[in-house]
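Need coordinates for the below:
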Amino acid sequence: METLDKEFDRWLRQAEYDQRAGDWNLEGGFHSVVCFLAQQAAAKALRAFLFLNKEDAHETRSVVELLERAITYDEALKPFVGGAGRLDLYYKTSRFPDAIPGGIPAEVINERDAREAILFSADIVAIVIEARKMHLPDSF
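Numbering: from 1, shown residues only. Reported below is the predicted structural model:
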């Protein structure tokens, strides 16, 4: 069990880092990068959440799949189901020119997309941080 607690901590710390990097890139106007980092922050936070609940979650990077599994432990995550798919779309479309017909991510993904994505992921990261306080009050 201690190994999963350590994995929880590692994945949550990286999720928080990705979230901060997304915020920083938003200020610089790198909207496609923000969307990718938002997807990464949400996925890593949810993976951490599953580790917190003693479930190994290495086999997927999908926010939708991770969220579906996480909801079995905490229904407070249910409101995120609708937007999770959008974050998963950014996993490829925010990085690869061939994922967007006729354009490149840097020119197609806009500030509104980036703001929505980073706020959405911030809410997921915040819920996982709160879950840490509930599960491991003396550990952190």
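
ok, residue 18 touching residue 36?
No - taking contacts as Cβ atoms under 8 Å, residue 18 lies outside contact range of residue 36: 9.0 Å. Using the backbone N, CA and C atoms, a C-beta is placed for each residue, glycine as well.

out of these two, which sits in the more crowded spot?
The neighbour comparison of residue 18 against residue 36 (other Cβ atoms under 10 Å) goes to residue 36, with 26 against 22.

which non-adjacent residue is nearest that one?
residue 94 (4.0 Å; Cβ to Cβ, 6 or more residues apart in numbering).

ok, the one you found - contacts?
Shown in contact with residue 94 (Cβ atoms under 8 Å, 6 or more residues apart in numbering): 32-33, 35-36, 39, 105, 109.

and which of those is nearest to residue 82?
residue 39 (15.3 Å; Cβ to Cβ).

Let me see the confidence value for that closest one.
Looking at residue 39, its pLDDT stands at 97.

Then residue 137?
54.

can you list the weak-confidence ranges in the protein?
The chain contains residues with pLDDT under 70 at 1, 136-140.

where exactly do the helices run in it?
Assigned by DSSP state H, the helices in the chain fall at 2-28, 31-52, 63-71, 81-93, 105-108, 111-135.

buried sites along the fifth one?
What that stands for is helix 105-108. If you call a residue buried by 16 or more other Cβ atoms under 10 Å, then helix 105-108 has these buried ones: 105, 108.

can I get the CA coordinates of that helix in PDB?
Taking Å, rounded to 0.1, in the frame of the first residue of the first chain, the C-alpha atoms of helix 105-108 are listed here in PDB:
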ATOM      1  CA  PRO A 105      -2.800  23.500 -33.600                       C
ATOM      2  CA  ALA A 106      -1.000  26.800 -32.900                       C
ATOM      3  CA  GLU A 107      -3.300  28.600 -35.300                       C
ATOM      4  CA  VAL A 108      -6.600  26.800 -34.700                       C
END
